[in-house]
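Participant: got a predicted structure plus its sequence, pasted below:
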Amino acid sequence: MMDLELNRIFVKVVQFDSFSKAAAAMKMPKSTVSRSITRLERETGTKLLIRSTRSLALTDAGQAFYEASLGPIHQLEDAQKSLYGKDNLLTGTVRITAPEDLGTFVIAPAIAKLSAQNPSLRFDLKYTDTRLDLIKEGFDLAVRIGPIKISGLKIKTAGEVILVPVASPGYLKGKAKIKVPRELSLHQCLSLDLQQTASRWTLRAGEKTVHVPIQAKILCNQMSSLVQMALADGGIALVPTYICQPYLENGQLIRVLPPWSDSGWPVSILSPLAPSSSARLKITIDKLLEELKATEAMAKGSK
């Protein structure tokens, strides 16, 4: 029967993408880690890792073995910690990836609260709009905006991101009041550089949905930058409520065409493991779900 410690060492090497870093994390010599991987490959008769001086790469068999081993190893680690008291279950590091703006304005405050409540938990956050391979790159979970393709990941629906058209008093000064969505096409529009928003905005109010062609004065791949441009009298921006709400409240921005808003972009939390498989994973996902749903509720309440 295979030694489960070999599985654990293999999982750590893949997660850290380094023999040295994995050895440091497990507090064992690098030579022990290297011999363990060699032994694992010898006992299974299968090449799992392709090693070079600069990087590691999984073979197809190694990838499949890693995916199969990850969940059980997490469960065994948590079970072992439970022997020392339930409080100790909430230890270790949770690696999270999320889109830049959502990460900055929603995820970061949620994780700060969770970290303060659980001193033994650590978090490693990476914000990028690129959809990373969670298993290959060793992430515990991802928060994603937009449709999710069917995959082997565990998925939880976390609500919607709602976008609203806003502009500064300076930009709107002296201009005719915008009464219907089609009049947006007469204005300088600041838009996210995506296929679905670059040349038209889809807005809804109650049961009504309209598609408004726009001439984007500025295209940008970052929502927070669009808000800053709107604050600088650059035009009308279609941006998430979680970014623009403070400026609406203090009068630096004005909601254009209330109650019209974007039709809503789904938000999901994805993980290679079921939340129940790890105490630290469950408490993190529960907190993120709570914050994301509260953000959606605030947006809907402001309509």
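Facilitator: Looks like it arrived, so ask away. Numbering: from 1, shown residues only.
Participant: what residues does stretch 3-23 touch?
Facilitator: Stretch 3-23 is contacted from outside by 25-26, 29-30, 32-34, 36-37, 39-40, 43, 48-49, 55-56, 58, 62, 65-66, 69-70, 72-73, 76-77, 138, using CB atoms under 8 Å, 6 or more residues apart in numbering. For every residue, glycine as well, the C-beta is placed using N, CA and C.
Participant: apologies, that question was intended for stretch 55-68.
Facilitator: Applying CB under 8 Å, 6+ apart, the contact partners of stretch 55-68 are 10-11, 13-14, 17-19, 44, 46-50, 135-136, 152, 272.
Participant: of the residues you listed, grab the buried ones for PyMOL.
Facilitator: Here is the PyMOL selection string for the buried members of the contacts of stretch 55-68, based on 16 or more other CB atoms under 10 Å:
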select buried, resi 10+11+13+14+18+19+48+49+135+272
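Participant: in helices only, show me the contacts of stretch 55-68.
Facilitator: Judged by DSSP state H, the contacts of stretch 55-68 include 10-11, 13-14, 19, 44, 135-136 as members of helices.
Participant: just give me the closest of those to Val143.
Facilitator: Among the ones in helices among the contacts of stretch 55-68, Ile135 lies closest to Val143 (CB to CB), at 16.5 Å.
Participant: for the closest one, list the residues it contacts.
Facilitator: Ile135 touches 63, 66-67, 70, 272, counting by CB under 8 Å, 6+ apart.
Participant: filter the residues you listed down to the buried ones, PyMOL style.
Facilitator: Per 16+ other CB under 10 Å, the buried members of these correspond to this PyMOL selection:
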select buried, resi 63+66+70+272
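Participant: picking that back up, so which of the contacts of stretch 3-23 are in helices?
Facilitator: Cross-referencing these against helices under DSSP H gives 25-26, 30, 32-34, 36-37, 39-40, 43, 62, 65-66, 69-70, 72-73, 76-77.
Participant: which of those are buried?
Facilitator: For these, buried by 16+ other CB under 10 Å: 26, 33-34, 36-37, 40, 62, 65-66, 69-70, 73, 77.
Participant: I'd like these as a markdown table, with distance to Ala279 and pLDDT appended.
Facilitator: Shown next, in a markdown table, are those (distance: CB to CB, whole Å; pLDDT from 0 to 100):
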| residue | distance to Ala279 | pLDDT |
| --- | --- | --- |
| Met26 | 20 | 84 |
| Val33 | 26 | 89 |
| Ser34 | 31 | 89 |
| Ser36 | 27 | 89 |
| Ile37 | 28 | 89 |
| Leu40 | 28 | 87 |
| Gly62 | 28 | 86 |
| Phe65 | 25 | 86 |
| Tyr66 | 22 | 86 |
| Ser69 | 19 | 84 |
| Leu70 | 16 | 81 |
| Ile73 | 15 | 78 |
| Glu77 | 10 | 70 |
